[in-house]
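Asker: next come a sequence and a model predicted from it.
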Amino acid sequence: MASQSASSSFKICESIIPGCLLLQPKRFEDCRGYFVKTFHQPSFKDMGLETDFSESFYSVSKKGVVRGMHFQSPPRDHVKVVYCAHGAVKDVVLDIRIGSPTYGHFDSFELSAAKSNMLYIPKGLAHGFCALTDQALVVYQVSEPYSPEYDRGIRWDSIGIPWEESTPLVSDRDKRHPVLADFSSPFVYELS
Ligand SMILES: Cc1cn([C@H]2C[C@H](O)[C@@H](COP(=O)(O)OP(=O)(O)O[C@H]3O[C@@H](C)C(=O)[C@@H](O)[C@H]3O)O2)c(=O)[nH]c1=O
């Protein structure tokens, strides 16, 4: 995690991975609970972020589930915004952009309902998480529709990520992904 700056609606923390941002939206609390706005087009535009999102979806995971590390390949690659609306996850991004100063490096963040924080994930990063609580509800916005043909992954246990679970619950699909060492990336790093 590096520098911090403020925008109209979101505080921004930069990841060690260029282009990846931890966003902190305002949280309005009162006697009923709290209110959080997760997307505000003018603020995203001011921050130079993607504003054209085409799908939104969520998953619910039991404690100890690992999902990942996922991405869509070009030409169906996409920006993702991710947050945890119930419970908590350890969220991880892996830089797979050839030529990036952080190619093959990962960064991790605890995303939680208690923190109301969000992760902005540029194209060319693989993404995954480990559920730290039961009923971990993870919400996504993505800039390109789901494309099973281009939906790919890298083995969750081939990157050196210190997951909270040594024997997590993982999907059959995620067990079949290539390991990072055998992976040939279709992404090229572009200086912004
Ligand atoms: C991702 C996705 C899945 N599906 C279907 C395919 C499958 O039958 C079922 C579950 O899919 P998956 O096993 O791929 O779900 P999951 O492992 O939760 O996939 C997600 O993982 C995290 C880490 C991400 O970063 C997401 O972008 C997404 O890839 O839902 C869609 O119809 N649309 C979608 O956008």
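Answerer: Perfect, thanks for sending it.
Asker: number of residues surrounding H78?
Answerer: Using other CB atoms under 10 Å, H78 has 23 neighbouring residues. To be clear about C-beta, it is placed using only N, CA and C from the backbone, and glycine gets the same treatment.
Asker: ok, I98 - contacts?
Answerer: Contact analysis of I98 by CB atoms under 8 Å, 6 or more residues apart in numbering lists S185, F187, V188, Y189.
Asker: give me the buried subset of those.
Answerer: Buried by 16 or more other CB atoms under 10 Å: S185, F187, Y189, out of these.
Asker: tell me, how many residues neighbour the closest residue to D77 other than its chain neighbours?
Answerer: Sequence neighbours aside, K123 is the residue nearest to D77 in space, at 4.5 Å (criterion: CB to CB, 6 or more residues apart in numbering). Neighbour count for K123, taken as other CB under 10 Å: 18.
Asker: distance of S15 relative to A85?
Answerer: Per CB to CB, to the nearest Å, S15 is found 21 Å from A85.
Asker: who has more neighbours, those two?
Answerer: Higher neighbour count among S15 and A85: S15, with 24 against 16, using other CB under 10 Å.
Asker: the more buried one touches V92, doesn't it?
Answerer: No. The pair S15 and V92 does not pass the contact test of CB atoms under 8 Å, sitting 10.8 Å apart.
Asker: identify the contacts common to those two.
Answerer: D107, F109.
Asker: residues in this protein within reach of the ligand, list them.
Answerer: Counting by CB under 6 Å from any ligand atom, the residues of the chain close to the ligand are 57, 59, 67-68, 70, 80, 127-129, 140, 146, 171, 173.
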